[in-house]
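Enquirer: I would like the atomic coordinates for the input below:
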Amino acid sequence: MVEVGSGLLAIGAALAVGLGAIGTAMAQQSIGAAGMGLMAEKDGKEGNVLLFLAIPETLVILGFVVAYLILQVK
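Expert: Residues are numbered from 1 along each chain as shown. Now for the predicted structure:
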């Protein structure tokens, strides 16, 4: 039988990853639109746009780290 505590730990880990991914998607939505507008007007800005799109991905990586730490509490 599964204990309630381990189930709550799993839910907490899922929330850490899931909410981090949703936050990243919301950030990349506006960054991507602005980046496409910038690249349409100015040449040579692809590297900057790629960098700005990669920065929010660190939030998902942080979510994975937090989920790992939560699951190691047992």
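Enquirer: Now do the helices in this structure.
Expert: Using DSSP state H, the helices of the chain run over 4-41, 46-54, 57-71.
Enquirer: gap between residue 53 and residue 65?
Expert: Distance from residue 53 to residue 65, counting by CB to CB, to the nearest Å: 21 Å. C-beta: built from backbone N, CA, C; applies to glycine.
Enquirer: Make TSV from the helices of the chain and add mean pLDDT and mean neighbour count to it.
Expert: Listed next are those as TSV, based on pLDDT from 0 to 100; neighbours: other CB atoms under 10 Å:
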stretch	mean pLDDT	mean neighbour count
helix 4-41	92	13
helix 46-54	91	12
helix 57-71	93	15
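Enquirer: quick one: contacts for the residue nearest the centre of the chain?
Expert: Nearest to the mean C-alpha position of the chain, by CA atoms, centre = their mean, lies residue 60 at 2.9 Å. By CB atoms under 8 Å, 6 or more residues apart in numbering, the contact set of residue 60 is 17, 20, 21, 24.
Enquirer: Please list all residues in contact with the closest residue to residue 68 other than its chain neighbours.
Expert: In space, and not counting its chain neighbours, residue 68 is closest to residue 13: 7.9 Å by CB to CB, 6 or more residues apart in numbering. Taking CB under 8 Å, 6+ apart, we find residue 13 in contact with 66, 67, 68, 70, 71.
Enquirer: From residue 61, how far out is the third one?
Expert: Distance of residue 68 to residue 61, computed by CB to CB: 11 Å.
Enquirer: and if you look at the fourth one?
Expert: With the distance defined as CB to CB, residue 70 ends up 15 Å from residue 61.
Enquirer: With that, I have no additional questions.
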